[in-house]
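> Just need the structure, nothing else, for what follows:
(2 chains)
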Amino acid sequence: MGRKPKNQTKRNSKEIPKKNDNKVIARLRGMRDMLPEEHQYYRLVVNKSEEIIKYYGFSQTDIPALENLSLYERSTGKQTDVVSKEMYTFIDKDGDRVGIRPEATPGLVRSYIEHGMFNQPIQPVKLYWIGNLMRREKPQSGRYRQFSQIDLEIFGEAGPVADAQIILIANRIFKDLQIDVQVQINSIGCKECRPAYVDKLAEYYKQRQVRNKLCQDCKKRMLKNPLRLLDCKEESCREARAEAPQIVDHLCEECRDHFVKVLEYLDELDVIYNLNPFLVRGLDYYNRTVFEFWPEENENARQNALGGGGRYDDLVEYMGGRPTPALGWGLGVERIILKIKENNIPLADDGKPDIFLAQLGEASKRKAMIFFEELRKKKYKAAQNFVKDNLKSQLELADKLGVKLTLIIGQKEMMDETVIIRDMESGMQEVFDFKKVYEELDKRLK
RNA sequence: GUGGCCAUAGUUUAACGGUAGAACAGCGGCUUGUGGCGCCGCUAGCGAGGGUUCAACUCCCUCUGGUCACCCCA
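Coordinates of the predicted model:
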């Protein structure tokens, strides 16, 4: 019976030639809303990370989302995919070429130079940053066009301890979050020794029998970035690289010493790593130590790297600053959250209230509002809904919130200067003199 | 950017060339000062556009979005 009019209404509304101006405007591709449930995970990751990072003496800093496009072209590299294909860029009204940050390091380097941080009393300068970045890639799970990263950088420290220490910090964060990761580590040498190695590598790949095994992409890589030949997943390319010269055998003495020491420190700190001679990173500025954090059990771990970083000793100078050795890493917050969910790691329910304050009637509502302020000042974890007037819906809410006790103040209690305390589990309730409420609460919440 | 798979209420889903059923959630009632359980009721949907057809949620195309692989990357 009730259906006919419903259908008619529908038909009518269809026939009205309403334009589509009432259509929902959906969110952009690859963009996500971080809803409260997800946000709890975000907080978990950020809180644990910050706790550890701060302990190691890093200070939080922030940088603009929008920068001069040249900043990224020069640091990240104009040829890299990140800059050449994935950046959101536009010409500003006054003609400036600007871009939204696709990574944090260039901005942090710029900030370091611009504020003369090499003059700061405490050296090296240790900074961390938490925020979001944008890359216009085709979205996938664990890959969004806007994503969050936790970044950590050290400026002004050349010694291998620093390398080991930042790896250790990331390692501790993952451990605290109960995520098993493999540290993949390699050294890609410096500007002194790498060119010679790249030449050797290119020479090796030029051999006909090797070259014939390469996939199409790798043939392109030979011209663009021979180092990239090493981390192709194609089976034939993996075969081809078997005999390839390895960079660790071609490092200059300084680079080798540095790398060996990094590994020694890691050994002593019980950080388990996998020396991966095929690990090279996609950004132009790296030298010496490079590393990534791969999820433990995943075969395609490479693609879902939870974080990565390395040394960039020449970048500060290259960007116009004084010669300053530096290093850092970035962790992908969304990917870490994905892992935490996969592992069913429970959230600490710290925000949960213990007490619900219910009221009935205008006068008691006023009293309850004042009482609630008192509870807040005295640090009780209390909840309320003064908007709802009937007791039923208030108790329903109290139940959903999972509180232990509900305090009820109605007309009668107002008159008697009392309050009802209801134990939500047993359903037992008792009337108490208002003056003795706190005493009773403390007893029951203990 | 390339290729594969996918798209039904807020969520998880069912069915069908003749315009959709369920579960959970939400709201209301049984209970006008008492939550959980139960019962009853209500709300709410074919991603968008085009084509084929007497008839399309169903078939075809395009787009949009998701997902997976590649490229690349966190």
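
> OK, contacts around the residue of the stretch 101-250 of chain A found nearest RNA strand B?
At 3.0 Å from RNA strand B, residue A:141 is the closest residue in the stretch 101-250 of chain A, using Cβ to the nearest atom of the strand. All C-beta spots, glycine's among them, are computed from the backbone N, C-alpha and C. Residues in contact with residue A:141 (Cβ atoms under 8 Å, 6 or more residues apart in numbering) are residue A:338.

> Torsion angles phi and psi at it?
Main-chain dihedrals, residue A:141, degrees, to the nearest 10: phi -70, psi 140.

> again with residue A:120
Torsion angles, degrees, to the nearest 10, at residue A:120: phi -70, psi 150.

> swap in the one 5 residues further on?
Summarising the backbone geometry of residue A:125 under the convention degrees, to the nearest 10, its torsions are phi -90, psi 120.

> My read is that residue A:325 contacts residue A:163, right?
No. The criterion here is Cβ atoms under 8 Å, and residue A:325 misses it with residue A:163 at 10.4 Å.

> tell me, what's touching these two both at once?
residue A:311.

> Counting neighbours, what do you get for residue A:107?
Residues near residue A:107, counting by other Cβ atoms under 10 Å, number 24.

> With residue A:232 instead?
18.

> From RNA strand B, how far out is residue A:380?
Separation of residue A:380 from RNA strand B (Cβ to the nearest atom of the strand, to the nearest Å) stands at 19 Å.

> so that residue makes contact with residue A:356?
No. Counting by Cβ under 8 Å, residue A:380 stays clear of residue A:356, with 11.1 Å between them.

> Could you say which helix or strand holds residue A:415?
According to DSSP states H and E, residue A:415 maps onto helix A:411-416.

> Now do that helix: which elements does it pack against?
The contact analysis (3 or more Cβ pairs under 8 Å, 6 or more residues apart in numbering; DSSP states H and E) places helix A:411-416 against helix A:362-377.

> run the last query once more with 10 Å
strand A:355-359, helix A:362-377, strand A:418-423, strand A:429-433 (3 or more Cβ pairs under 10 Å, 6 or more residues apart in numbering; DSSP states H and E).

> related to what we said a few turns ago, which of residue A:380 and residue A:356 has more neighbours?
residue A:356 (25 against 18).

> Skipping adjacent residues, who's closest to the residue in chain A positioned nearest to RNA strand B in space?
Residue nearest to RNA strand B within chain A (Cβ to the nearest atom of the strand): residue A:282, separated by 1.3 Å. Using Cβ to Cβ, 6 or more residues apart in numbering and skipping the chain neighbours, the partner closest in space to residue A:282 is residue A:80 (6.1 Å).

> Look at residue A:325 and residue A:163 and report which has more neighbours.
residue A:163 (29 against 21).

> OK, contacts around the more buried one?
Each residue near residue A:163 by Cβ atoms under 10 Å, 6 or more residues apart in numbering is listed here: A:154, A:157, A:185, A:187, A:258-259, A:261-263, A:265-266, A:288-291, A:309-311, A:327.

> One more pass at 7 Å, please.
A:262, A:289, A:311, A:327 (Cβ atoms under 7 Å, 6 or more residues apart in numbering).

> which among those residues are in contact with RNA strand B?
Subset of these in contact with RNA strand B: empty, counting by Cβ under 7 Å from any atom of the strand.

> Just among those residues, which is most surrounded?
Going by other Cβ under 10 Å, residue A:311 tops these with 29 neighbours.

> could I get the contacts of residue A:163 as a markdown table with pLDDT and secondary structure?
Formatted as a markdown table, these follow (pLDDT from 0 to 100; DSSP: H, G, I helix; E, B strand; the rest coil):
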| residue | pLDDT | secondary structure |
| --- | --- | --- |
| A:262 | 97 | helix |
| A:289 | 96 | strand |
| A:311 | 97 | strand |
| A:327 | 98 | strand |
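
> I'd like these as a markdown table, with distance to residue A:206 appended.
Formatted as a markdown table, those follow (distance: Cβ to Cβ, whole Å):
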| residue | distance to residue A:206 |
| --- | --- |
| A:262 | 32 |
| A:289 | 29 |
| A:311 | 30 |
| A:327 | 33 |
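
> Could you work out the most separated pair of the residues you listed?
Maximum pairwise distance in the contacts of residue A:163, criterion Cβ to Cβ, is 10.4 Å, between A:262 and A:327.

> rewinding a little: please identify the most buried of the helices and strands packed on helix A:411-416.
Burial of the helices and strands packed on helix A:411-416 is given as mean neighbour count (mean count of other Cβ atoms under 10 Å); strand A:355-359 ranks first at a mean of 25.

> list the helices and strands that one packs on?
helix A:362-377, strand A:382-384, helix A:391-401, strand A:405-409 (3 or more Cβ pairs under 7 Å, 6 or more residues apart in numbering; DSSP states H and E).

> rerun that using 6 Å as the cut-off
helix A:362-377, strand A:382-384, strand A:405-409 (3 or more Cβ pairs under 6 Å, 6 or more residues apart in numbering; DSSP states H and E).

> Buried residues, the lengthiest helix in chain A. List them.
As assigned by DSSP state H, the longest helix anywhere in chain A is helix A:36-55. Going by neighbour count (16 or more other Cβ atoms under 10 Å), the buried part of helix A:36-55 is A:41, A:42, A:44, A:45, A:48, A:49, A:50, A:52, A:53.
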